[in-house]
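[1] Predicted structure and sequence below. I'll ask about it afterward.
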Amino acid sequence: MLLILFVMPVWAFAQDVNFFTGSWEEVRAKAKAEGKMILVDAYTYWCGPCKVMDKTMFHGNQEVADYINTHFVAYKVECEHDAGVAFARKYKVNVYPTLLFFNSNGELLEKHLGYNSDQQEFLKGFKEMVDMDQTNVYAIDHKQMEMPWPDFYIKYFKDANDSTWKRDRSVDANVWLDQQSDLFSETVWSVIYMYTLNDKYTNYFLNNLNEYKSRYKFEAADKVNNIVYSYLDKSIKEKNPDYFAKAESLLRAHSLNPEAEVFYLRINYYQSLQDYASLAQLLDAQIAAKEEVSLGLVNDLAWSIYEGCEDVVVLKKAVAWFEPFLKDMDDYNAMDTYAALLFKTKDYKQAETWAEKAIAQGKQDGMDVKLTEALLEQIKAAK
């Protein structure tokens, strides 16, 4: 009996990623001594996806735990308290969760933003880090956590222990950049990466993109994406299609997957303009080209059209998008959207059927189905 009691906790513990709880300096020393890479899970207490990732990937998951425990010293950093604020500032963490990968010398290799719920895709990223050239590191001072940051950059990062903290939205970082002689240094790059650039520094960054990529890797590519979407925002706010053309041109020139990136850029553009006819035409073309279209994407675009569009032709196109999924469709949200579209196109019989199916599925899944029940009453009243 004593042996069983001893073995069971060890088996249970083996299901979890072993997160080291010492200081950052101790993590670096441990990784060097063991010849392992360092994985940092940068999170905040309020971050929902961080909690989901921790629960589903880092706890009770043998495959993930085995791989990470074998190849990494794992470490968690909460980025809005104490030493975590300095860590976020150093490594420019402002999206949660962010996973950071360091070699055994504590030198930054790469960053992954967000959480991928597909376990194999999630693990694929870790395996790519293990297989990559461990000397291909970010061009930063890996030994110094604090750098000569400008005050506005220091104050950009939330310190939850400071009750007076408030991010200054009026800062024009370009004025500070005008005073800098080395536009490739770590401190200057941190400002370029985190702040909106004027045309002068946007053009400088793009004209020297290869150099920035060689030094700052993912961050440089992410900055391109940031500029793309700033152009998109300008195009929408100023109703100027020239900015959208700039955004699309940037993606085509610098994205690793330009067609897919441009596709989603156009989705954003048409949705923001409430141009539902163009949105429908875009997805129709994707389907006609036999590109993979997920039920999640269909549901998102169809719901957007349901809420904002009165054109029956467009609404019926959205209805047709669901046809390949109907046989096995058991997603409550998609079923609800489909029922709503059928109602709006006055196919009341099918709308009633699918609203009832959605309610049953939603209840089975523990969802709040009150809105679908209200829709069902509208359908019955319209018959």
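    Great, that's in hand.
[2] which residues sit in contact with residue 219?
    92, 111, 138, 189, 193 (CB atoms under 8 Å, 6 or more residues apart in numbering). Where you see a C-beta, it was placed from the backbone N, CA and C, and this is true even at glycine.
[3] how far does the strand or helix carrying it sit from the chain's center?
    In this structure, residue 219 sits in helix 209-237 according to DSSP states H and E. Averaging C-alpha positions (CA atoms, centre = their mean, to the nearest Å) puts helix 209-237 15 Å from its chain's average.
[4] mind listing what's buried in it?
    209, 212-213, 215-217, 219-228, 230-232, 234-236 (16 or more other CB atoms under 10 Å).
[5] After it, which helix or strand is next?
    With DSSP H and E, the next secondary element past helix 209-237 is helix 241-254.
[6] Please identify the buried residues of stretch 199-207?
    201-202, 204-206.
[7] Only C-alpha atoms, please: export stretch 124-136 in PDB.
    Presented in PDB, the C-alpha positions along stretch 124-136 are these (Å, rounded to 0.1, in the frame of the first residue of the first chain):
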ATOM      1  CA  LYS A 124       5.300  21.400 -34.000                       C
ATOM      2  CA  GLY A 125       6.400  24.900 -33.000                       C
ATOM      3  CA  PHE A 126       8.400  23.400 -30.100                       C
ATOM      4  CA  LYS A 127      10.100  20.800 -32.300                       C
ATOM      5  CA  GLU A 128      11.100  23.500 -34.800                       C
ATOM      6  CA  MET A 129      12.800  25.400 -32.000                       C
ATOM      7  CA  VAL A 130      14.700  22.300 -30.900                       C
ATOM      8  CA  ASP A 131      15.800  21.700 -34.500                       C
ATOM      9  CA  MET A 132      16.800  25.200 -35.400                       C
ATOM     10  CA  ASP A 133      20.300  26.700 -35.400                       C
ATOM     11  CA  GLN A 134      20.900  27.500 -31.800                       C
ATOM     12  CA  THR A 135      23.400  30.300 -32.600                       C
ATOM     13  CA  ASN A 136      20.800  32.200 -34.700                       C
END
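[8] How about that stretch, which residues are buried there?
    Buried, per 16+ other CB under 10 Å, within stretch 124-136: 126, 129.
[9] quick revisit: so of the contacts of residue 219, which ones are in helices?
    Residues from these lying in helices, with DSSP state H as the criterion: 189, 193.
[10] Of the contacts of residue 219, which is the most crowded?
    residue 189 (23 neighbours; other CB atoms under 10 Å).
[11] what's the model's confidence in stretch 362-378, averaged?
    In this model, stretch 362-378 has an average pLDDT of 96.
[12] what comes up buried for that stretch?
    Neighbour counts over stretch 362-378 (16+ other CB under 10 Å) mark 362, 369, 372, 375-376 as buried.
[13] Kindly report the same for stretch 249-258.
    250-251, 254-255.
[14] Equivalent analysis for stretch 317-327, please.
    The neighbour-count criterion (16+ other CB under 10 Å) identifies 317-319, 321-322, 325 as the buried residues of stretch 317-327.
[15] Same question for stretch 258-277.
    261-263, 265-267, 269-271, 276.
[16] Where does the prediction get shaky in the stretch 101-250 of the chain?
    Scanning the stretch 101-250 of the chain for pLDDT under 70 picks out nothing.
[17] The closest residue to residue 23 other than its chain neighbours - how many residues pack around it?
    With sequence-adjacent residues excluded and distances taken as CB to CB, 6 or more residues apart in numbering, residue 23 is closest to residue 83, at 7.5 Å. Look at residue 83: counted by other CB under 10 Å, it has 13 neighbours.
[18] same deal with residue 96?
    22.
[19] ditto for the one 5 residues further on
    In terms of burial, residue 101 registers 20 neighbours under the definition other CB under 10 Å.
[20] Packing partners of the host helix or strand of it?
    In the assignment (DSSP H and E), residue 101 maps to strand 98-102. Judged by 3 or more CB pairs under 8 Å, 6 or more residues apart in numbering; DSSP states H and E, strand 98-102 is in contact with strand 37-43, strand 108-113.
[21] Try it again at 10 Å.
    helix 24-34, strand 37-43, strand 72-78, helix 83-91, strand 108-113, helix 119-131 (3 or more CB pairs under 10 Å, 6 or more residues apart in numbering; DSSP states H and E).
[22] Thank you kindly, that will do.
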